[in-house]
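1. Quick check, what structure comes out for this input:
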Amino acid sequence: IKRGVIELEWGASLKDCRHMEGIACDLSSVGFKALCDATAAVKGKAAPYSITGSLPLVREMQKEGFDLQITGFGLSKTYHADNEYVLLS
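-> Reported below is the predicted structural model:
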């Protein structure tokens, strides 16, 4: 049996890392319903979906009681691409 040691080192302090905590939007909130209804009224339908990621301070605001909804209209195939763009059609 071969044994080894792995050491992981994070580039920031634990306090700094907490600003990048993940978030899950409340799908039963008033804000989510209003956003879906408004999108459907303009585009004809709303098709919410989730992409993983983190946004600084967003989870902290949610913990403080803000009804946060994160919205984007970009195309998944161009997500974080050099030429990322949006279609509202």
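
2. Would you check that Tyr85 makes contact with Leu75?
-> Yes: assessed by C-beta atoms under 8 Å, Tyr85 is found in contact with Leu75 at 6.9 Å. Quick note: C-beta positions are derived from backbone N, CA and C, even for glycine.

3. Those two: which is more packed in?
-> Legend: neighbour count by other C-beta atoms under 10 Å for Tyr85 and Leu75, higher for Leu75 (12 against 9).

4. List the buried residues for stretch 64-75?
-> For stretch 64-75, the neighbour count (16 or more other C-beta atoms under 10 Å) marks 68-69 as buried.

5. quick check: mean pLDDT across it?
-> For stretch 64-75, mean pLDDT rounds to 84.

6. Pull that stretch out as PDB, backbone CA atoms only.
-> The C-alpha trace of stretch 64-75 is given here as PDB (Å, rounded to 0.1, in the frame of the first residue of the first chain):
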ATOM      1  CA  GLU A  64     -30.600  39.300   6.400                       C
ATOM      2  CA  GLY A  65     -34.100  38.800   4.900                       C
ATOM      3  CA  PHE A  66     -33.800  40.300   1.400                       C
ATOM      4  CA  ASP A  67     -35.900  38.400  -1.200                       C
ATOM      5  CA  LEU A  68     -33.100  38.000  -3.800                       C
ATOM      6  CA  GLN A  69     -33.700  36.800  -7.300                       C
ATOM      7  CA  ILE A  70     -30.700  36.600  -9.700                       C
ATOM      8  CA  THR A  71     -31.800  37.100 -13.300                       C
ATOM      9  CA  GLY A  72     -29.900  36.800 -16.600                       C
ATOM     10  CA  PHE A  73     -30.900  36.600 -20.200                       C
ATOM     11  CA  GLY A  74     -27.600  35.400 -21.600                       C
ATOM     12  CA  LEU A  75     -27.200  32.200 -23.600                       C
END
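
7. can you offset everything so residue one is 2?
-> Got it, the first residue is 2 from now on, which makes the last one we talked about stretch 65-76.
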